[in-house]
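Colleague: got a structure for you, letters missing:
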């Protein structure tokens, strides 16, 4: 079983990935937040920095592309191949309304003829490149589930990463394991499970239910508990000392790459919106973290949070 770190826009950039990879074990690949190519084919500065091989040394990373235009995807694939990337992921799963209203991401699952033409053009233009897909089980519902499976089985997909919710569900409600069962039974490509993996108990449950999976992809659950896969694969609980090294490394990297302290503070607060669950009785220090106006205030609140102690109970 392999373990993949899902991309999260605004969080898992190269600073985060390198800090995590330096401290924690067990992640086989880190997937990058998506590149959104345009017809002019110029990448944003942020995107160029994130895919720059100099910023991704000694770490196995996979770029991701979000676009409904096959020509734009193909151009970007060639750019990535020139940089030395051998695998690229296509995003057919993003449920954000700002994306789907443009018929991108999970909205592409609604028009199978268009999706077929899109994939056909991309695979024909990219021999020798590993192409994986990250997707939902449908956009509005699962009525096209079997047709989607048949469509995917036409292509040499390196990995199919399935989050068993529809696009319009966003992250609400429960995952639809019955729909995932259909992929597990009939899909030809190596299959990866993604969705609601927050504890070691969750990992074990998926492994037991789907023993022939290629792997699992974790996102929010791993942001919340960055040690989760390390703890599962090594059997050793997280320590406060190691977590402090991680958060210090992350802050140092943010300071080096962001111009203003207020931007560093914003990024750290964004992380703590997920990570507070690691700590016992974290409500009060979290409130202080959120109210911090500068890094000095942040460090005071951080000390208060760390004094709470990490809970290894798996209760979230």
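Modeller: Right, received. Where do you want to start? This structure is a prediction, so every number in the text was calculated from the model and none was measured.
Colleague: contacts for stretch 107-117?
Modeller: Identification of contacts with stretch 107-117 by C-beta atoms under 8 Å, 6 or more residues apart in numbering yields 68, 70, 92, 99-101, 103, 118, 135-136, 138-140, 144, 147-148, 151, 154, 167. Where C-beta positions appear, they are placed from N, C-alpha and C, glycine not excepted.
Colleague: now the buried members of those.
Modeller: Burial by neighbour count, 16 or more other C-beta atoms under 10 Å: within these this picks out 68, 70, 92, 99-100, 118, 135-136, 138-139, 144, 148, 151, 167.
Colleague: any idea of the mean pLDDT in stretch 264-271?
Modeller: The average pLDDT within stretch 264-271 is 98.
Colleague: list the buried ones in it?
Modeller: Quick answer for stretch 264-271 (16+ other C-beta under 10 Å): 264-265, 267-269, 271.
Colleague: cool, and stretch 300-316?
Modeller: For stretch 300-316, burial by neighbour count (16+ other C-beta under 10 Å) applies to 301-302, 304-305, 308, 310-311.
Colleague: could I get the residues you listed as TSV with distance to residue 291, pLDDT and secondary structure?
Modeller: Below are the buried residues of stretch 300-316 laid out as TSV (distance: C-beta to C-beta, whole Å; pLDDT from 0 to 100; DSSP: H, G, I helix; E, B strand; the rest coil):
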residue	distance to residue 291	pLDDT	secondary structure
301	8	98	helix
302	13	98	helix
304	12	97	helix
305	13	97	helix
308	17	94	coil
310	23	93	strand
311	23	87	coil
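Colleague: nearest to residue 208, of the residues you listed?
Modeller: Distance ranking of the buried residues of stretch 300-316 against residue 208, using C-beta to C-beta, places residue 311 first at 24.6 Å.
Colleague: how about the contacts made by the closest residue to that closest one other than its chain neighbours?
Modeller: Among residues not flanking residue 311 along the chain, residue 280 sits closest, at 4.9 Å (C-beta to C-beta, 6 or more residues apart in numbering). Residues near residue 280 by C-beta under 8 Å, 6+ apart: 308-311.
Colleague: 6 Å - rerun?
Modeller: The contact partners of residue 280, by C-beta atoms under 6 Å, 6 or more residues apart in numbering, come to 308-309, 311.
Colleague: and which of those residues is nearest to residue 190?
Modeller: residue 311 (34.7 Å).
Colleague: residues near residue 247, how many?
Modeller: 19 (other C-beta atoms under 10 Å).
Colleague: got it, and the one 4 residues further on?
Modeller: Residues within reach of residue 251, counting by other C-beta under 10 Å, total 21.
Colleague: thinking again about what came up before, need the buried residues of stretch 300-316 in a markdown table with distance to residue 203, can you?
Modeller: Putting the buried residues of stretch 300-316 into a markdown table (distance: C-beta to C-beta, whole Å) gives the following:
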| residue | distance to residue 203 |
| --- | --- |
| 301 | 31 |
| 302 | 28 |
| 304 | 31 |
| 305 | 26 |
| 308 | 25 |
| 310 | 18 |
| 311 | 18 |
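Colleague: sorry, back to before: ramachandran angles for the residue nearest to residue 311?
Modeller: Per-residue torsions, residue 280: phi -70, psi 140 (degrees, to the nearest 10).
Colleague: with the one 4 residues further on instead?
Modeller: Main-chain dihedrals, residue 284, degrees, to the nearest 10: phi -70, psi -50.
Colleague: ok, how many other residues are close to it?
Modeller: Residue crowding around residue 284 was assessed by other C-beta under 10 Å; the count is 12.
Colleague: for it, which non-adjacent residue is closest in space?
Modeller: Using C-beta to C-beta, 6+ apart and skipping the chain neighbours, the partner closest in space to residue 284 is residue 304 (7.4 Å).
Colleague: can you pull the poorly scored residue ranges out of the stretch 201-316 of the chain?
Modeller: Along the stretch 201-316 of the chain, the parts satisfying pLDDT under 70 run over 313-316.
Colleague: show me where it has helices.
Modeller: 220-224, 228-234, 240-257, 261-275, 283-291, 295-307 (DSSP state H, counting those that start in this stretch).
Colleague: so which elements touch the fifth one?
Modeller: Judged by 3 or more C-beta pairs under 6 Å, 6 or more residues apart in numbering; DSSP states H and E, helix 283-291 is in contact with helix 295-307.
Colleague: one more time with 7 Å, if that's ok
Modeller: Applying 3 or more C-beta pairs under 7 Å, 6 or more residues apart in numbering; DSSP states H and E, we find helix 283-291 packed against helix 261-275, helix 295-307.
Colleague: still on that earlier bit, adding distance to residue 247, write the buried residues of stretch 264-271 out as a markdown table.
Modeller: Output for the buried residues of stretch 264-271, formatted as a markdown table (distance: C-beta to C-beta, whole Å):
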| residue | distance to residue 247 |
| --- | --- |
| 264 | 12 |
| 265 | 13 |
| 267 | 12 |
| 268 | 8 |
| 269 | 13 |
| 271 | 8 |
